[in-house]
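Trainee: Mind looking at a prediction? Sequence and model below.
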Amino acid sequence: DTSIDILGGIFHLWFGSFIGMQTMKTRVVFTKDAFELKSTSNKHLGIYADKGLIPKQRKNYVLGTENKWSYDSFVNWDFFPSIQLPILVYFKETQEMQKKGSLGLKQMDRRDNGQMHWFPAYANVRQLREQFEARGCNKIGPVHGEEFRKND
């Protein structure tokens, strides 16, 4: 059916545009104490080099909190569906459960051990992995896509 093809094409065009805009305006920042998502200060995205970073203009839309998490609050992190083909970056942390405005762990996680977060894998995931490991972020199990890799 042609209408389904058109709707599918429109959805993929919209989703690709969304990911492209996020790639141009959002940066993943590893500071001394925390993992943050920040926005560039450029008004003309992708045309000029970044002039600097500013806190994201909008708070976390699900929780209403800042997009900043301390490394010691990490319970787990990973890439989906795999590190070889990353579409989403996942991490779980315990910091949000102590902040007012959180949806609460029981609404988001049946294990009661953290708040889950997902964002598009628009950054270099190998560098993200290096930083998560260097900063001591907790990790449960191997990175997706490396489960069956033999130890050298």
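Mentor: Received, thanks.

Trainee: quick one: the strands in the chain?
Mentor: Under the criterion DSSP state E, the chain contains strands at 26-30, 34-40, 53-55, 68-70, 74-81, 86-93, 115-120.

Trainee: Show me what the last one is packed against.
Mentor: Okay, so that is strand 115-120. Identification of packing neighbours for strand 115-120 by 3 or more C-beta pairs under 8 Å, 6 or more residues apart in numbering; DSSP states H and E yields helix 2-25, strand 86-93, helix 105-108. Any C-beta I mention is one placed from the backbone N, CA and C, and that applies to glycine too.

Trainee: which residues of this protein score low on pLDDT?
Mentor: 41-65, 97-112, 147-152 (pLDDT under 70).

Trainee: make it 90
Mentor: The chain contains residues with pLDDT under 90 at 1-4, 15-29, 36-68, 87-88, 94-124, 140-152.

Trainee: circling back to that earlier point, could the strands of the chain go into JSON lines alongside distance to residue 135 and mean neighbour count?
Mentor: Shown next, in JSON lines, are the strands of the chain (distance: least, C-beta to C-beta, whole Å; neighbours: other C-beta atoms under 10 Å):
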{"stretch": "strand 26-30", "distance to residue 135": "6", "mean neighbour count": "17"}
{"stretch": "strand 34-40", "distance to residue 135": "7", "mean neighbour count": "18"}
{"stretch": "strand 53-55", "distance to residue 135": "18", "mean neighbour count": "13"}
{"stretch": "strand 68-70", "distance to residue 135": "10", "mean neighbour count": "18"}
{"stretch": "strand 74-81", "distance to residue 135": "8", "mean neighbour count": "18"}
{"stretch": "strand 86-93", "distance to residue 135": "12", "mean neighbour count": "19"}
{"stretch": "strand 115-120", "distance to residue 135": "16", "mean neighbour count": "17"}
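
Trainee: Indicate which one of those strands is closest to residue 127.
Mentor: strand 26-30 (8.7 Å; C-beta to C-beta).

Trainee: can you state the direction angle for the closest one and strand 115-120?
Mentor: 130 degrees (axes from the mean of the first three to the mean of the last three C-alpha atoms, to 10 degrees).

Trainee: Alpha carbons of strand 26-30, as CSV, please.
Mentor: C-alpha atoms of strand 26-30 as CSV (Å, rounded to 0.1, in the frame of the first residue of the first chain):
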residue,chain,number,x,y,z
THR,A,26,24.0,18.1,22.4
ARG,A,27,27.3,17.1,23.8
VAL,A,28,28.2,14.3,26.3
VAL,A,29,30.5,15.8,29.0
PHE,A,30,32.6,13.9,31.5
